[in-house]
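In: can't give you the sequence, but here's the structure:
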C-alpha cells in the first residue's frame, strides 16, 4: 500500500507560479510511474503530466505543455509539478497518482492504483 500526500497548492494571480509536491510513503514508489491529474468543479478528472520511474520519460497534456514541468526525486520518494504562467483555467484540485505497473505513462484514471487527497490550486484573473 502506498500513501500519497500532496502539498503546495494555493491562490495565485494569473501569470504566477506554484510548485506542487507529492510525497509517497513507501520506498517502492520509486519504481512506480507518478502522475498529476486535475479536476475542476463539475468536470472530470484529467491527466496533466506524468513521469516514468527513472525520470527519463515525461508526458504532458497539451494544455500545459511548455508551462508545467514534472520531476521526481526518488531518494525522497517525491514528485514535483512546477507550474508557471498560470491561467484561470488551471484552477482545479490537483491529484497525485501512482501506477505500479511498468510501461508507458498512462493518461487515464483507471491506470493508476494509488491516489492522494488532492490540493487546491486557484488562479485569479
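Out: Looks like it came in fine. Computed from a prediction, not measured in an experiment: that's the story for all the values here.

In: host element of the residue positioned nearest the centre of the chain?
Out: Centroid check for the chain by C-alpha atoms, centre = their mean gives residue 36 as the closest residue, at 2.1 Å. Assigned by DSSP states H and E, residue 36 belongs to strand 33-39.

In: Just the residues contacting the helix or strand that that strand is followed by, thanks.
Out: Downstream of strand 33-39, the next assigned helix or strand under DSSP H and E is strand 45-51. Residues from elsewhere that reach strand 45-51 (C-beta atoms under 8 Å, 6 or more residues apart in numbering): 33-39, 57-61, 64, 68, 70-72, 79, 81, 94-95, 105-109. Glycine gets a C-beta too; all of them are placed from N, C-alpha and C.

In: Give me the ChimeraX select line for these, limited to the buried ones.
Out: The buried subset of those, as determined by 16 or more other C-beta atoms under 10 Å, is captured in ChimeraX by this line:
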select :33,34,35,36,37,38,59,60,61,64,68,70,72,79,81,94,95,105,106,109
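
In: before we move on, the earlier item: and the residue nearest to the centre of the chain, what are its bridge partners?
Out: residue 49, residue 96 (DSSP bridges).

In: Now do the contacts for it.
Out: Here residue 36 is in contact with 20, 22, 47-50, 70, 79, 81, 94-97 (criterion: C-beta under 8 Å, 6+ apart).
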